[in-house]
Structures are given as structure tokens and as C-alpha cells.
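1. kindly generate the corresponding structure for this input.
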Amino acid sequence: MKRYEQFAWALRDGGSVFAATYVSGVELKPCRALKRYYVYLLIDPRTNKVFYVGKGKGFRATEHLTEWKSGNVTNAMKFKRIGEIIKSGMELVVKCLQDDMDGTRALDLEGWLIRTIGRDNLTNLGAGRKTAPIIKIGLRADQMLDKVAPFRQWEREILPYLTGSRKENINYYWWLACTLAKVVHEGKQYQLEAS
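-> The predicted structure follows:
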């Protein structure tokens, strides 16, 4: 446990994962689909800092990215951080801290790490807290609209081909943008043609 204490303290003091592993001697491994429980870390590759501590078994460690891709917001801060990482062109880093555990030991280690590293340094939610539905809706809308071309590009390339007043065209753009975001979100392909 001494190694984990040194590891957690280094992270609590603002250290990177590299510094924490160097100081503590803790070795992080890739997470595999395991039948027993494990404790894992989500790491921001832009800063090499841990932003989420979790426990799970099977594919749980990799489900956070899947949740983000599908727009499933369970934790707004974690969802936003994963989105920022993806938008920066980098990939979410997931590492296993300890594996081959029973559920109770994994839960204890996860809780201890969250308390020791500190919630101010992590995106983990407190016990019993959930993200408000309005925040979830806003994050999902932002994610979907990010998949649609910026308004100025649409204004230059699409609006000249539309008929009606500018206000009608802008209202049409928003309807179209939301529709296309939903289409992209559902994985369907589309193509715009100027008439």
C-alpha cells in the first residue's frame, strides 16, 4: 500500500502520471477485458494527469469513450474532458492500476484513491450526485453541433442558394444543422447539394 500512497500523493500534489509512477514505482498496465475487478485511471494525454479513477470488470474501462461517442452523459465533467481530448486530436489514455481483485477490494481502493488524490483534481462525482438533466442536454447538443460545419461556412456556402429572407434562411439553417447533427450522431451519411 505504501507504493499506492506515494503514487496518490504525487497526483494530489499536481504531478503527472509519469512523475507519480517514477516516485512510487507503481507500474500502470493496459486494461484488458478481465473477469475479475480492476481499478483503472483515465488520463488526459495533453497534461499526462489523471482526471478520473474507476473500478470495473470486463470492458468497463473503455466504455467511457463509447459513452461519449453515443452522447450518453452520466458525468458532465468527465464527458466534457473526454470531448476536449478528442477535439484536440489526441486519444483518451486508459491505464489499469491494479487487477485481479474482488469487488470489495476494488471498491475500497477506488474510494481511497479518490479521497487521497482529491475530488478537486478529479472529475469523479461525489456519492449520490448526478448530473442535472439540463446540463446533459446542453453537452449532448454541443457535441452534436460540433459535428456540423460552423455557421459562417454555412452562411457562405449554403445561404446564397436558399430563397426567402435572411431571417427565414437562418431559421432554416438551425433546423438543418440540428437535423444533420442528429444524422451524424446516428452514424448515417448525408450529402448536401446546392440547387
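2. what's the domain layout of the protein?
-> 2-131, 147-185 (automatic domain parsing).
3. adding mean pLDDT and mean neighbour count, write these out as JSON lines.
-> No exception for glycine: its C-beta is placed from N, CA and C like everyone else's. As requested, the domains of the chain are exported to JSON lines (pLDDT from 0 to 100; neighbours: other C-beta atoms under 10 Å):
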{"stretch": "domain 2-131", "mean pLDDT": "88", "mean neighbour count": "17"}
{"stretch": "domain 147-185", "mean pLDDT": "63", "mean neighbour count": "14"}
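4. what helix or strand does the nearest residue to residue 79 once chain neighbours are set aside sit in?
-> With C-beta to C-beta, 6 or more residues apart in numbering as the criterion, residue 79 has its nearest non-adjacent residue at 4.8 Å, and that residue is residue 73. Using DSSP states H and E, residue 73 sits within no helix or strand.
5. how far away is residue 73 from residue 36?
-> Applying C-beta to C-beta, to the nearest Å, the value for residue 73 to residue 36 is 29 Å.
6. and what of residue 112?
-> 19 Å.
7. list the contacts for residue 123?
-> 51, 52, 75, 77, 78, 81 (C-beta atoms under 8 Å, 6 or more residues apart in numbering).
8. want to throw those into CSV with secondary structure and distance to residue 66?
-> Shown next, in CSV, are the contacts of residue 123 (DSSP: H, G, I helix; E, B strand; the rest coil; distance: C-beta to C-beta, whole Å):
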residue, secondary structure, distance to residue 66
51, strand, 17
52, strand, 15
75, coil, 14
77, helix, 18
78, helix, 13
81, helix, 15
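9. all strands of this structure, in order?
-> 34-44, 49-58, 93-101 (DSSP state E).
10. out of these, flag the one nearest residue 7.
-> strand 93-101 (8.0 Å; C-beta to C-beta).
11. for the closest one, name the packing helices and strands.
-> strand 34-44, helix 103-117 (3 or more C-beta pairs under 8 Å, 6 or more residues apart in numbering; DSSP states H and E).
12. now the angle between helix 103-117 and it, please.
-> 140 degrees (axes from the mean of the first three to the mean of the last three C-alpha atoms, to 10 degrees).
13. show me what strand 93-101 is in contact with.
-> 4, 7, 17, 26, 28-32, 34, 36-45, 61-62, 64-65, 106, 109, 113.
14. send the alpha carbons of that strand over as PDB?
-> C-alpha atoms of strand 93-101 as PDB (Å, rounded to 0.1, in the frame of the first residue of the first chain):
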ATOM      1  CA  VAL A  93      -5.500   7.200 -22.200                       C
ATOM      2  CA  VAL A  94      -6.800   4.400 -20.000                       C
ATOM      3  CA  LYS A  95      -4.500   2.500 -17.700                       C
ATOM      4  CA  CYS A  96      -5.100  -0.200 -15.200                       C
ATOM      5  CA  LEU A  97      -3.600   0.400 -11.700                       C
ATOM      6  CA  GLN A  98      -4.400  -3.000 -10.200                       C
ATOM      7  CA  ASP A  99      -6.300  -6.000 -11.500                       C
ATOM      8  CA  ASP A 100      -7.400  -9.500 -10.400                       C
ATOM      9  CA  MET A 101      -9.400  -8.100  -7.400                       C
END
